[in-house]
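Trainee: sequence and computational prediction follow.
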Amino acid sequence: MKMQVTEIAKAVQASNAAQAWPDVKVTGVAFDSRKLTAGSLFVPLSGANDGHDYIQSAIDHGAVATLWAEDHAAQAPTTLPVILVPDTLVALQQLGQYYLQKINPKVVAVTGSNGKTTTKDMVASVLATQFNVTKTHANFNNQIGVPITLLSMEPNTEVVVVEMGMDHFGELDFLSQLVQPDVAVITMIGEAHIEFFGTRDKIADAKMEIVHGLKEDGTFIYNGDEPLLQERAQTIDQRQRTFGLQETNTLAASAIETSRATTSFKTNLWPETTFTIPMMGAYNVNNAMAALLVADTFHIRANVAQQALAKFVPTENRTEWLTGQHGEAILSDVYNSNPTAAKRVLAAFAATPVTGKRIAVLGDMLELGEQADTLHASLATELDPQTIQTVYLNGEHMRALAKDLATKYPATAIHYYPTHEQPQLINDLQQTVTADDEVLLKGSHGIHLENVLAALEA
Ligand SMILES: CC(=O)N[C@H]1[C@@H](OP(=O)(O)OP(=O)(O)OC[C@H]2O[C@@H](n3ccc(=O)[nH]c3=O)[C@H](O)[C@@H]2O)O[C@H](CO)[C@@H](O)[C@@H]1O[C@H](C)C(=O)N[C@@H](C)C(=O)N[C@H](CCC(=O)N[C@@H](CCC[C@@H](N)C(=O)O)C(=O)O)C(=O)O
Ligand SMILES: Nc1ncnc2c1ncn2[C@@H]1O[C@H](COP(=O)(O)OP(=O)(O)OP(=O)(O)O)[C@@H](O)[C@H]1O
Ligand SMILES: C[C@@H](N)C(=O)N[C@H](C)C(=O)O
């Protein structure tokens, strides 16, 4: 982004907007001084600590101006323009919306219990064949991440693809009203963050908030195989397009073939075309179909979208094949986990070709609330000693799965470790894994199975 300090002060209705401002151009925005690039506006936010305490670090990294909370005015710096606001997060959001209205791109918003980041990446790849596209960086998908995404747009951005996450009611409503999408996508309804909702029905209600800001002439694209979405979609007036396996969908997949490196499929809309994505997992076909419907909505021909999907680059640690120090194949899915995603990736893992053992390393699925133990035990349906020979479990809730597996696995095949004993898991796993084995790593962000991955790759 490129904006004058004067323009920023006016956009965020700064209490000192009327003052004379130096002729300073801002070329970026950062809320973490350590990642701030020279020429940026620093946005001090409150987390466990207070961002205002890092202003000197921001200046040292090249900040040319800063937002500043009025209640911190006494500590305001004097060596760069200070834009005084009641709340720096609200001001960041106001600035993001102002800049969105200034650039005025088309907006595609993507949410869902699982598949948001993958679908966002796929959508951006197909739209980039015809448009200048900005997309959410990594997983920056909340009340901070979305304005940061909007402010990352180049002036020539024609479409912005915005990933939207939520774990409470009202969050998607706010984000949808903020960005006013032209296209809203819901990938699926799972159990992510069900701790804060209680039921999948309520998760579906919260996910549907993404259409609250959808333009009247906008399009709602969703997983038509999900009854919870089908019934709720009847309440909205905008154009709707669905994807899934059922033939009643706008876009229905068939002839799905998945291997370690790729997954191919055909569709009802373009029966002569075989689509291929560089990812394993039939569930990624749904993500790709969502992207194909977005492409079609933007009048991009299927063969052009087909080529883009074939070479799109997924974000790391999403069903990603890597190689360990022993030569073993590692299926890294360590960014996050919840029951539907874990079951889908276990099923895909169990079907891959292997000459040695398949080893599943499963970390706790967090934020599942009172249902946690039941949902952890339910993973047993996707674990069979005939296909996945060894299971390592890490986390307090995984005790429930360990107990359940004791009825179908030999005791020597199940290895359970409380959360804090992950180093022991790593040590034991490294003692047993061989070059012919495959290792699946799947667990919630908070369990940090990336530590296991790092040890296997070291
Ligand atoms: C407020 C904030 O910036 N938090 C970030 C911060 O966390 P922390 O509280 O530990 O910060 P500190 O106390 O260390 O510092 C306070 C502030 O000072 C800044 N600072 C610190 C040190 C320094 O030397 N210089 C500094 O300027 C610092 O930047 C703080 O602003 O740091 C963490 C590590 O970098 C960040 O992870 C943390 O960011 C929070 C989580 C955040 O929301 N970041 C967004 C950009 C984002 O989108 N993050 C996504 C994850 C979003 C997510 O979890 N989505 C859920 C849905 C939930 C929606 C909503 N309810 C929610 O809770 O987010 C999903 O399911 O996808 C990501 O990074 O992946
Ligand atoms: N359509 C889908 N249905 C079920 N599971 C999926 C789907 N897409 C992806 N997954 C699973 O979810 C994992 C995370 O994928 P991705 O990061 O794209 O989702 P996300 O919604 O962004 O996740 P998070 O909310 O944790 O950031 C994948 O590695 C895969 O295991
Ligand atoms: C970061 C938060 N939104 C999230 O995804 N939580 C999961 C369950 C985790 O931290 O593991």
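Mentor: That came in fine, so what should we check first? Note that this is a predicted model, so its numbers are computed, not measured. Ligands and ions are numbered 1, 2, ... in the order given.
Trainee: can you list the residues of the stretch 51-200 of the chain near ligand 2?
Mentor: 112, 114-118, 139, 165, 187-188, 192 (Cβ under 6 Å from any ligand atom). No exception for glycine: its C-beta is placed from N, CA and C like everyone else's.
Trainee: identify the farthest-apart pair in those.
Mentor: Greatest spatial distance among these (Cβ to Cβ): Asn139 and Met188, at 16.9 Å.
Trainee: Asn249 touches Gly224, doesn't it?
Mentor: Yes. At 4.2 Å, Asn249 counts as touching Gly224 under the criterion of Cβ atoms under 8 Å.
Trainee: what is in contact with those two at once?
Mentor: Listed contacts common to Asn249 and Gly224 are 242-243; contacts here mean Cβ atoms under 8 Å, 6 or more residues apart in numbering.
Trainee: check contacts around the residue in the stretch 251-400 of the chain positioned nearest to ligand 1.
Mentor: As assessed by Cβ to the nearest ligand atom, ligand 1 sits closest to Asn336 within the stretch 251-400 of the chain, at 7.0 Å. By Cβ under 8 Å, 6+ apart, the residues touching Asn336 are 192, 444-445.
Trainee: next up, the contacts around Ala341.
Mentor: 113-114, 190, 192, 283, 333, 442.
Trainee: Thr374 against Lys403, yeah?
Mentor: No. Here Thr374 does not reach Lys403: they are 11.9 Å apart, not a contact under Cβ under 8 Å.
Trainee: could I get the buried residue list for the longest strand along the chain?
Mentor: In the chain, ranked by residue count with DSSP state E as the criterion, the top strand is strand 251-258. For strand 251-258, a neighbour-count test (16 or more other Cβ atoms under 10 Å) marks 251-253, 258 as buried.
Trainee: pull up the pairing partners for it, direction included.
Mentor: strand 239-244 (parallel), strand 263-267 (antiparallel) (DSSP bridges).
Trainee: Leu151 is nearest to which of those?
Mentor: Of all the strands paired with strand 251-258, strand 239-244 sits nearest to Leu151, with 29.4 Å by Cβ to Cβ.
Trainee: list the buried residues for the helix or strand that Val361 is a member of?
Mentor: According to DSSP states H and E, Val361 maps onto strand 358-363. By 16+ other Cβ under 10 Å, the buried positions in strand 358-363 come out as 358-363.
Trainee: same deal with stretch 52-65?
Mentor: For stretch 52-65, a neighbour-count test (16+ other Cβ under 10 Å) marks 52, 54-55, 58-59, 61-65 as buried.
Trainee: can you give me how far it is from the chain middle?
Mentor: Here stretch 52-65 shows a centroid-to-chain-centroid distance of 29 Å under the convention Cα atoms, centre = their mean, to the nearest Å.
Trainee: may I see the buried residues of the very next helix or strand once past the strand holding Val361?
Mentor: Per DSSP H and E, strand 358-363 leads on to helix 372-377 as the next helix or strand towards the C-terminus. Within helix 372-377, the residues that count as buried by 16+ other Cβ under 10 Å are 372-373, 375-377.
Trainee: need those in TSV with distance to ligand 2, can you?
Mentor: Shown next, in TSV, are the buried residues of helix 372-377 (distance: Cβ to the nearest ligand atom, whole Å):
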residue	distance to ligand 2
Ala372	17
Asp373	21
Leu375	14
His376	16
Ala377	19
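Trainee: which pair of these spans the longest distance?
Mentor: Farthest apart among these - using Cβ to Cβ - are Ala372 and Ala377, which lie 9.6 Å from each other.
Trainee: so what sits against both of the two?
Mentor: Contacts common to Ala372 and Ala377, judged by Cβ under 8 Å, 6+ apart, are Ala400.
Trainee: give me the beta-bridge partners of Thr323?
Mentor: With DSSP bridges as the rule, Thr323 is bridged to Ala329.
Trainee: run a quick check on it versus Ser332, I expect a contact.
Mentor: No. Taking contacts as Cβ under 8 Å, Thr323 lies outside contact range of Ser332: 10.6 Å.
Trainee: I'd like to know how far the residue nearest to Asp167 when sequence neighbours are not counted sits from Gly39.
Mentor: Excluding its sequence neighbours, the residue lying closest to Asp167 (Cβ to Cβ, 6 or more residues apart in numbering) is His193, at 3.9 Å. The gap separating His193 from Gly39 is 37 Å, by Cβ to Cβ, to the nearest Å.
Trainee: which parts of this structure sit against ligand 3?
Mentor: The chain comes close to ligand 3 at residues 167, 336, 366-367, 444-446, as judged by Cβ under 6 Å from any ligand atom.
Trainee: between Asn139 and Met188, who's got more neighbours?
Mentor: In this view Asn139 and Met188 are compared by other Cβ atoms under 10 Å, and Met188 has more residues nearby, 26 against 17.
Trainee: wait, doesn't that one sit right on Pro227?
Mentor: No. In this structure Met188 lies outside contact range of Pro227 using Cβ under 8 Å: 11.8 Å.
Trainee: how far away is the closest residue to Pro410 other than its chain neighbours from Ala341?
Mentor: Using Cβ to Cβ, 6+ apart and skipping the chain neighbours, the partner closest in space to Pro410 is Pro385 (7.2 Å). According to Cβ to Cβ, Pro385 and Ala341 sit 23 Å apart.
Trainee: which of the residues of the stretch 51-200 of the chain next to ligand 2 are close to ligand 1?
Mentor: Counting by Cβ under 6 Å from any ligand atom, 139, 165, 192 from these sit close to ligand 1.
Trainee: so the second one lies in a strand, does it not?
Mentor: Spelled out, that is Gly165. No. Looking at Gly165 with DSSP: H, G, I helix; E, B strand; the rest coil, it is coil, so not inside a strand.
Trainee: just the strands in the stretch 1-150 of the chain please.
Mentor: 3-4, 25-26, 28-30, 40-42, 65-69, 82-85, 106-111, 133-135 (DSSP state E, counting those that start in this stretch).
Trainee: and the second one, what does it pack onto?
Mentor: Using 3 or more Cβ pairs under 8 Å, 6 or more residues apart in numbering; DSSP states H and E as the contact criterion, the neighbours of strand 25-26 among helices and strands are strand 3-4, helix 5-11.
Trainee: can you report phi and psi for the residue nearest to Asp167?
Mentor: Backbone geometry at His193, expressed as degrees, to the nearest 10, gives phi 60, psi 20.
Trainee: do you know how far it is from His137?
Mentor: 22 Å.
Trainee: count the neighbours of whatever residue of the stretch 151-300 of the chain ends up closest to ligand 3 for me.
Mentor: Nearest to ligand 3 in the stretch 151-300 of the chain, going by Cβ to the nearest ligand atom, is Asp167, at a distance of 5.7 Å. By other Cβ under 10 Å, 15 other residues sit near Asp167.
Trainee: for Ala435, same thing?
Mentor: Neighbour tally, Ala435, other Cβ under 10 Å: 13.
Trainee: so it sits against Gly356, correct?
Mentor: Yes. When contacts are counted by Cβ under 8 Å, Ala435 is listed as touching Gly356 (7.4 Å).
Trainee: got any residues that touch both of those two?
Mentor: Common neighbours of Ala435 and Gly356 (Cβ under 8 Å, 6+ apart) are Glu328.
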